[in-house]
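# predicted model, plus sequence, below.
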Amino acid sequence: MLVPTWSNKKKWEAYIGRNPQYLQIFEKYHYKCADCKSDSKRLLIFSINRSIARQNLDNLLLLCRSCLSKRIGLFKSKDIVEKLRVYSDNKILAYGVLTIIARDMSLSRERVRQIAKLYGFVMAHDKENPIHNRTCKNCKKIFKSTQSTRTCCSTKCYKDFRLKKYWTKKKCLICDRQMVYRKTLSTIGKEPIFCCKVCQGKFFSKKGMESKRAGVKVITIKDPIDFSN
């Protein structure tokens, strides 16, 4: 008999041939996943308790690949928590513990850190640094941080604060478009006047034509220009 979720008959026969009780598991769950009840995915057999022999039918489940990966991830997280408890002292982790566990479990350090944070484990350097109550310089909101030099509560507030502190706006002399430039340009005498070279060209061409009609010298870039008129 060929199960519809297995496209290759030889692979299906080889899978069932590993254990004669596998076919009973498929019939027990009516060829459907035990978790999502799907019958359109490839189904595999999973052991609930790995310490019990696979001959026990009550210890076996029929799962699809997505549900199987979720179950395996759940078991891995439990193993990680057990290792964290071994290496921790009252839920305080020393330096380098996350890296050691990640190498032993063949996982990334970030994944171990996420699970440690989820189950309430704290790093030693976070425990040593006291929590400061600080006021955001942008939105004036009070927030807690272990960094005594932190100025803003979020990345968005930090960007807005720097934009207000170091940048300013001004309208283009020709097209009235808003220009954003650093405040330091005003202090050193290099404040922009035009938003682009097109507007700059329009301004100088207009001034030049007016000078020719009046019969005076043509204004060039080197000549000083009075922008008050």
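Received it, and whenever you're ready, just let me know what you need.
# so what touches the biggest helix by length in the chain?
Longest helix in the chain by number of residues, with DSSP state H as the criterion: helix 65-87. Residues from elsewhere that reach helix 65-87 (C-beta atoms under 8 Å, 6 or more residues apart in numbering): 33-36, 41-42, 44, 46, 61, 63, 93-94, 97, 100-101, 104-105, 107, 112, 115-116, 119, 121. Placement of C-beta: from N, CA and C, glycine included.
# and those residues, which of them are in strands?
Applying DSSP state E to these, the entries found in strands are L44, F46, L61, L63, L93.
# right, and the first one touches L60 too?
So the one you mean is L44. No: the criterion here is C-beta atoms under 8 Å, and L44 misses it with L60 at 10.5 Å.
# neighbour-wise, which of those two wins?
Shown here are L44 and L60; by other C-beta atoms under 10 Å, L60 has more neighbours (22 against 16).
# hmm, back to that, from the contacts of helix 65-87, which would you call buried?
33-35, 42, 44, 46, 61, 63, 93, 97, 101, 107, 112, 115-116, 121 (16 or more other C-beta atoms under 10 Å).
# from the residues you listed, which is closest to I131?
Nearest to I131 out of those is F121 (C-beta to C-beta; 17.0 Å).
# for that closest one, give me its contacts.
L84, S88, K91, I92, L93.
# using a markdown table, lay out the residues you listed together with pLDDT and distance to V180.
Listed next are the contacts of F121 as a markdown table, based on pLDDT from 0 to 100; distance: C-beta to C-beta, whole Å:
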| residue | pLDDT | distance to V180 |
| --- | --- | --- |
| L84 | 88 | 48 |
| S88 | 85 | 50 |
| K91 | 83 | 48 |
| I92 | 83 | 47 |
| L93 | 85 | 45 |
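# highest neighbour count among those?
Result: L93 is most packed of the contacts of F121 (other C-beta under 10 Å), 22 neighbours.
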